[in-house]
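Engineer: Coordinates for the following, if possible.
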Amino acid sequence: MIKKYLLMLILALVNAACLAQETVKAEKMDVLLTPDIGGIKQAIEIKTDDARKPVLLFLSGGPGSSMMKNADAFTTILKSRFTIIQWDQRDAGKTLKLNPSPDQPTLAQMTEDTRQVVEFIRKTLHQEKIYLLGSSWGNVLGFDMVKNHPEWLHAYLAVNPVVSQMDSENELLQTLKLHLKDNPAASKELAQVAAPFATEQDLFYLRKWLFYKEGKKFVFDPEFKAFFGEWAKTWTPVWTDVMRIDLRQTLPAVQCPVYFFVGKNDIQTSAGITTGYFEKLRAPNKQLFLFEHSGHQIHQEEAEKFQHTIIGILDATIAGQR
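Structural biologist: Coordinates of the predicted model:
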């Protein structure tokens, strides 16, 4: 009888060892999942050599843009410390290829999508909390998570965030008028712009001359205007709601650590407005990182510093938990 129990114990230990080995093998992930989020299939990419690593989920700018296709350029260093997750939002990137949104997207729908994505990731990877990063428009979604589910977040990373886009657009308009005062075509079109935008043309002129100031000559191509027109058909209602947001009024305090990444030369989401909001924001822990050589695309313009800064936040969080 003793030999029988001993044999059963040995078999149990062998089985446990085999299961443990299988679990270790399963922890390496490089997958594109397409769960049902908000009634449609949405593309979520998970890359890690160990799924037990802290999760870092990126919320793309836009709306209607994807960070997934170029993610390797700004996550190579991060991969050593995080499980990296990219999500293509509805009507963007691989999610759009899977299935267009059956209805025109709304801000309420996008924030609910975000909640479902975060919940899906937490359950799939068995992690109670994640690190969440919003880039530009992605902060509209990210700060909604901060407001409603801070308990799900180790920390929130706000990269060139939308704080008060109405004020940012007005600042941008004045900056462009001054900078391009000797350009007759620019002066004529910018003189027609007023925020809040009365027409889609207002935003088109602002983005056209902003990109021109940044050296992008494609703004004169007919394809650019056609692309913007298609974007506006989908996203104008969402952007109209975004223009009404003012975090200085609606979110004076948060309940999780927040870290602001600000491009010194950002005039699309005003660096001054962001800094002013940060200074008054109440949080259990907060810090602002200024990127001297960046405008609105920190993850592209200073990719190495961007990644090392995030890793520094992770190290500080771990040290604080000891």
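Engineer: now residue 284, what's its secondary structure?
Structural biologist: Under DSSP: H, G, I helix; E, B strand; the rest coil, residue 284 falls in the coil class.
Engineer: Could you report the neighbour count for it?
Structural biologist: Neighbour count for residue 284, taken as other C-beta atoms under 10 Å: 12. Yep, even glycine has a C-beta here, placed from its N, CA and C like the rest.
Engineer: how near is it to residue 203?
Structural biologist: Residue 284 is 37 Å from residue 203, where distance means C-beta to C-beta, to the nearest Å.
Engineer: Quick one, grab the pLDDT at residue 5.
Structural biologist: Note on residue 5: pLDDT of 47.
Engineer: any residues touching stretch 29-47, and which ones?
Structural biologist: 48, 51, 68, 71, 75, 79, 83-90, 93-95, 98-99, 101-102, 109, 112-113, 116-117, 120-121, 124-125 (C-beta atoms under 8 Å, 6 or more residues apart in numbering).
Engineer: What of stretch 116-123?
Structural biologist: Here stretch 116-123 has contacts from 35, 37-38, 42, 44, 55, 57, 85, 87, 127-130, 132, 145, 149, 152, using C-beta under 8 Å, 6+ apart.
Engineer: So which of the residues you listed sit within helices?
Structural biologist: Mapping these onto helices (DSSP state H) picks out residue 145.
Engineer: which of the contacts of stretch 116-123 are buried?
Structural biologist: By neighbour count, with 16 or more other C-beta atoms under 10 Å, the contacts of stretch 116-123 hold 37-38, 42, 44, 55, 57, 85, 87, 127, 130, 132, 145, 149, 152 as buried.
Engineer: Redo those as TSV? Include pLDDT.
Structural biologist: Output for the buried ones among the contacts of stretch 116-123, formatted as TSV (pLDDT from 0 to 100):
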residue	pLDDT
37	98
38	98
42	98
44	98
55	98
57	98
85	98
87	98
127	97
130	98
132	98
145	98
149	98
152	98
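Engineer: Pipe these into TSV and attach distance to residue 178 per row.
Structural biologist: Listed next are these as TSV, based on distance: C-beta to C-beta, whole Å:
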residue	distance to residue 178
37	44
38	43
42	42
44	43
55	44
57	39
85	41
87	38
127	48
130	42
132	37
145	37
149	42
152	43
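Engineer: Nearest to residue 292 among those residues?
Structural biologist: residue 132 (25.2 Å; C-beta to C-beta).
Engineer: ok, now which ones touch that closest one?
Structural biologist: Shown in contact with residue 132 (C-beta under 8 Å, 6+ apart): 56, 57, 59, 118, 142, 145, 146, 153, 155, 156, 157.
Engineer: Show me the strands in the stretch 151-300 of the chain, by range?
Structural biologist: Secondary structure of the stretch 151-300 of the chain, counting by DSSP state E, counting those that start in this stretch: strands at 153-159, 258-263, 286-291.
Engineer: now for these, which one comes closest to residue 217?
Structural biologist: Nearest to residue 217, of all the strands of the stretch 151-300 of the chain, is strand 258-263, at 21.9 Å by C-beta to C-beta.
Engineer: who touches the closest one?
Structural biologist: Residues outside strand 258-263 that contact it (C-beta under 8 Å, 6+ apart): 146, 155-161, 271, 274-275, 278, 281, 283, 285-291, 294-298, 301, 306, 309, 313.
Engineer: Max pairwise distance over the contacts of residue 132: which two?
Structural biologist: It's 56 and 146 that sit farthest apart of the contacts of residue 132, by C-beta to C-beta, at 15.4 Å.
Engineer: Next, check the contacts of stretch 29-47 against the helices and list the overlap.
Structural biologist: Among the contacts of stretch 29-47, the ones falling in helices (DSSP H) are 75, 93-95, 98, 109, 112-113, 116-117, 120-121, 124.
Engineer: for those, which one is nearest residue 240?
Structural biologist: Closest approach between the ones in helices among the contacts of stretch 29-47 and residue 240, by C-beta to C-beta: residue 109, at 14.3 Å.
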